[in-house]
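[1] model this:
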Amino acid sequence: MLKPLSSDRWNYATAAHLLNRAGFGGTPAEIQKLCDLGLDGAVAQLLDYEYTHDPATDPDWANSNYDEIRKLREAIKNAATPDEKKKLQQEREQVIQRRILDLRGWWLRRMTYGPRPFQEKMTLFWHGHFATSVEKVRNPYFMWRQNELFRQNAVGNWQELLTAAGKDPAMLVWLDQAQSRKLHPNENFAREVMELFALGEGHYTEHDITEAARALTGWSLDLDTEQFMYRPFIHDRGEKTIFGHTGNYDGDDVIALIVEQPQAARFITAKIWNYFAGSEPSPELANALAANFRANGNNIKPFLHVLFRSEEFYSPDIIRNQVKSPVQWLVGSVRVLECELPPPLVCFGALRQLGQDLFAPPNVKGWDGGITWITTNTLLMRYNDAQALVEGHLPPLTASDFARKEGGAGGQKAMKALQRVRMGGVDVEKILTPEQRAGKATIVAALEHRLFQTTLKSDQEQTLREFLDSKTKMTNADIVTAIRLMMSTPEYQVT
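    Reported below is the predicted structural model:
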């Protein structure tokens, strides 16, 4: 298995599939450029992103020194009166909300306009895998640091990433590991690292969790320096037995023992396959993926080079079988339509309504993904957001969407700000040549090529042609409406 795709099967459609899955899609010109590189060249172009300069800069506040939130925390602790304390707490909450909104916009811009789409796609994968929420962490700087950790280690060594994620400040807060000590070991991280991060249910015992929690004591957080700190005086130095092995283990040893388990490679490679291929691997394919991963020393990049070149990844039942996540839908739509990414507040409202609130996954399991992205309500919202995006109007947001996050007055203030926002919409003359706009048939063909890289089903194409036939002369506004209609089909919700 995992035989490379033959060169005669590499074409525009397979190149589009690669860019859609290993990135967020792109324009016909970008797809054709990948196609011209050949399979090996296209995969290398996306995966070997370290050779591509990334001009992105960090958020202005992404600096642990003289951190505003830390100062406010100290001021709250030393407040002279309850009223002063309440006022400072509200001020801190406003800073947190402002920065997390800025962080969401910062990341969306990287995904949409950055020169390393695959790196951002992997960062999004790890964000869902190590699902950590600002709702509990309450520190945008920690969330940004974790995001950067995933970005810098996106395709590195699995054991090193798993260890670094466990020592990350956001994770230490999220799963209460910073409060774990030898007299009262906290089992949260020990349990989740086995169940959700590295092995899956049924591949460990409760005794393994209890012993691992003892070994992990000492992993802590220095709030003054905002750095991981090992505290030997709260570490349990006694012998522990984990997966049948006995020793005076610490946290690093726990991660090593987990990664050594035969199930570990099978678990993470199956999840990566499912993320990119959109379906669970067969038992035979799961075995082949795990074996390749092990053969490559648990290093992620060489494994992905094999995955994205394999015949299995380009099989007919894999191409266009994946429901777009809300982020994939939004970022991919902006990229393919070559329009403006809406302002952060608009993006936040849209993504939250569609079910994918960045930096706030619903629980420790992250997002379920797949068909769960689509409900009657979210499908209607996608259609409404498509209209807003192509026409340049604001989506139907309400003050209550923001009041929940920012308080009643904050929601009203947000809405007033939104009322002043104007988005650019789709520039028809930018995305379609004069020849493509010359007739109804050429318009349909060009839009299908751009939006789907294939043709619509006959009944849907007939509906679109009937709309076009009702127009005696096609205006740019009519073409924009046609784009909206095409984005409001089931076919546009998959990739």
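[2] From now on I want contacts and neighbour counts done on CA atoms only, so please keep to that.
    OK.
[3] what about the spatially most central residue of the chain, distance to Q177?
    In the chain, the residue lying closest to the centroid (CA atoms, centre = their mean) is L124, at 2.4 Å. L124 sits 24 Å away from Q177, going by CA to CA, to the nearest Å.
[4] before we move on, what about I300?
    The span separating I300 from Q177 equals 27 Å under the rule CA to CA.
[5] quick one, which of those two is more surrounded?
    Of the pair I300 and Q177, Q177 is the one with more neighbours under other CA atoms under 10 Å, namely 26 against 20.
[6] Would you confirm that the more buried one contacts F189?
    Yes: checked against CA atoms under 8 Å, the pair Q177 and F189 is within contact range at 6.3 Å.
[7] and M423, how many neighbours?
    Using other CA under 10 Å, M423 has 17 neighbouring residues.
[8] wait, what's in contact with the residue nearest to it when sequence neighbours are not counted?
    Distances taken as CA to CA, 6 or more residues apart in numbering place G392 nearest to M423, at 4.6 Å, with adjacent residues excluded. Taking CA atoms under 8 Å, 6 or more residues apart in numbering, we find G392 in contact with R422, M423, G424, G425, V426.
[9] which stretches of this protein aren't confidently modelled?
    Residues of the chain meeting the criterion pLDDT under 70: 64-67, 395-422.
[10] Which other helices and strands does the longest helix along it contact?
    In the chain, assigned by DSSP state H, the helix with the most residues is helix 82-113. Packing contacts for helix 82-113, counted by 3 or more CA pairs under 8 Å, 6 or more residues apart in numbering; DSSP states H and E, involve helix 68-77, helix 117-129, helix 140-152, helix 326-337, helix 344-354, helix 399-406.
[11] Tell me where the stretch 251-400 of the chain has helices.
    Per DSSP state H, counting those that start in this stretch, the stretch 251-400 of the chain has helices spanning 251-260, 262-277, 283-295, 300-309, 326-337, 344-354, 376-391, 399-406. These are given in chain order.
[12] highest average neighbour count across these?
    helix 326-337 (a mean of 22; mean count of other CA atoms under 10 Å).
[13] tell me the angle of the longest helix of the chain relative to helix 117-129?
    Orientation check (axes from the mean of the first three to the mean of the last three CA atoms, to 10 degrees): helix 82-113 against helix 117-129 gives 140 degrees.
[14] still on that earlier bit, save the helices and strands packed on helix 82-113 as JSON lines, and put in distance to R437 too.
    Converted to JSON lines, the helices and strands packed on helix 82-113 look like this (distance: least, CA to CA, whole Å):
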{"stretch": "helix 68-77", "distance to R437": "53"}
{"stretch": "helix 117-129", "distance to R437": "30"}
{"stretch": "helix 140-152", "distance to R437": "41"}
{"stretch": "helix 326-337", "distance to R437": "15"}
{"stretch": "helix 344-354", "distance to R437": "30"}
{"stretch": "helix 399-406", "distance to R437": "39"}
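[15] Figure out which of those is closest to R99.
    When those are ranked by proximity to R99, the top entry is helix 140-152, at 6.2 Å, counting by CA to CA.
[16] nearest to S6, of the helices and strands packed on helix 82-113?
    Nearest of the helices and strands packed on helix 82-113 to S6, taken as CA to CA: helix 117-129 at 23.0 Å.
[17] wait, which of the helices of the stretch 251-400 of the chain is closest to G25?
    Nearest of the helices of the stretch 251-400 of the chain to G25, taken as CA to CA: helix 326-337 at 5.4 Å.
[18] quick one: contacts of that closest one?
    Residues lying outside helix 326-337 but in contact with it, judged by CA under 8 Å, 6+ apart, are 24-27, 108, 111-113, 340-341, 351, 354-356, 373, 426, 431, 450-451, 493.
[19] what separates that helix from the chain centre, distance-wise?
    Taking the mean C-alpha point of helix 326-337 and that of its whole chain, the gap between them comes to 13 Å (CA atoms, centre = their mean, to the nearest Å).
[20] what about dumping the CA coordinates of that helix to CSV?
    Listed next in CSV are the C-alpha coordinates belonging to helix 326-337 (Å, rounded to 0.1, in the frame of the first residue of the first chain):
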residue,chain,number,x,y,z
PRO,A,326,-16.3,26.5,9.0
VAL,A,327,-12.7,27.7,8.8
GLN,A,328,-12.0,25.8,5.6
TRP,A,329,-15.3,27.2,4.2
LEU,A,330,-14.5,30.9,5.1
VAL,A,331,-10.8,30.9,4.3
GLY,A,332,-11.2,28.8,1.1
SER,A,333,-14.1,31.0,-0.1
VAL,A,334,-12.0,34.2,0.3
ARG,A,335,-9.0,32.6,-1.5
VAL,A,336,-11.0,31.2,-4.4
LEU,A,337,-13.0,34.4,-4.9
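[21] so which of the helices and strands packed on helix 82-113 gets nearest G251?
    Each of the helices and strands packed on helix 82-113 was checked against G251 via CA to CA, and the shortest separation belongs to helix 140-152, namely 18.8 Å.
[22] buried subset of the contacts of G392?
    Judged by neighbour count, with 16 or more other CA atoms under 10 Å as the criterion, the buried members of the contacts of G392 are M423, G425, V426.
[23] Quick check: closest non-adjacent residue to the second one.
    Pointing back at G425 there. Nearest in space to G425, with sequence neighbours left out and distances taken as CA to CA, 6+ apart, is G392 at 3.7 Å.
[24] can you map out the strands along the stretch 101-250 of the chain?
    Per DSSP state E, counting those that start in this stretch, the stretch 101-250 of the chain carries strands over the ranges 219-222, 227-230, 240-242, 245-247.
[25] From the contact counts, what lies against the second one?
    What it means is strand 227-230. Taking 3+ CA pairs under 8 Å, 6+ apart as contact, the helices and strands that strand 227-230 lies on are strand 219-222.
[26] Show me how far the strand it packs on is from its chain's centre.
    27 Å.
[27] do the same with stretch 303-313
    A distance of 21 Å separates the C-alpha centroid of stretch 303-313 from that of its chain, computed with CA atoms, centre = their mean.
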